[in-house]
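# Next come a sequence and a model predicted from it.
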Amino acid sequence: MRTLNWLWRGVLFFVLFAFALNNQHLVELKWFWGYNWQAPMVFIVLGIFALGCATGVLAMVPSWWRHRKEARNRTLLMPEPVIKHTTPTAFDSGPATRSGPLTLPAELPFPPDMPAPRKPTK
């Protein structure tokens, strides 16, 4: 599967490289109020692609912030681990000690790897 993935990436690279070699001529962009700009078509396509990527990333930022806030709140809502204490026996004259590692309760309000359920909006 990894080989197919790298093969696909290589084919895509060579197709885009051939596209760039076939479109080296100058293109004139006509802006408003008579402004003109000349550049090779490859640079214009690359610039538009970069602008689209930046727009997509900026459009996702609010969603990323909301998910980070929900994840932070979810970790704050997780219950404290349950510590099991043993009672002293006749052979143990010291204070009660923990018997094993910390454990979580059997049932959490929601699974830690799943997003918290959203409240319906009114």
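Received the coordinates, thanks.
# The chain: strands as residue ranges?
Assigned by DSSP state E, the chain shows strands spanning 26-30, 36-40.
# and Trp6, which of those strands is closest to it?
strand 36-40 (29.3 Å; C-beta to C-beta). Heads up, the C-betas are built off the backbone N, CA and C, glycines and all.
# For Ala59, which of the strands of the chain is the nearest?
Ala59 lies closest to strand 26-30 among those, at 24.6 Å (C-beta to C-beta).
# tell me what the closest one is packed against?
strand 36-40, helix 41-77 (3 or more C-beta pairs under 8 Å, 6 or more residues apart in numbering; DSSP states H and E).
# Dump the strands of the chain to JSON lines, plus mean neighbour count, distance to Val57 and mean pLDDT.
Formatted as JSON lines, the strands of the chain follow (neighbours: other C-beta atoms under 10 Å; distance: least, C-beta to C-beta, whole Å; pLDDT from 0 to 100):
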{"stretch": "strand 26-30", "mean neighbour count": "10", "distance to Val57": "24", "mean pLDDT": "88"}
{"stretch": "strand 36-40", "mean neighbour count": "11", "distance to Val57": "24", "mean pLDDT": "90"}
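# export those to a markdown table and tack on distance to Gly47?
Shown next, in a markdown table, are the strands of the chain (distance: least, C-beta to C-beta, whole Å):
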| stretch | distance to Gly47 |
| --- | --- |
| strand 26-30 | 10 |
| strand 36-40 | 8 |
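# right, and the ones you listed - which one's nearest Leu51?
Of all the strands of the chain, strand 26-30 comes closest under C-beta to C-beta, at 13.2 Å.
# Just checking: what are the partner strands of that closest one?
Using DSSP bridges, strand 26-30 pairs in its sheet with strand 36-40 (antiparallel).
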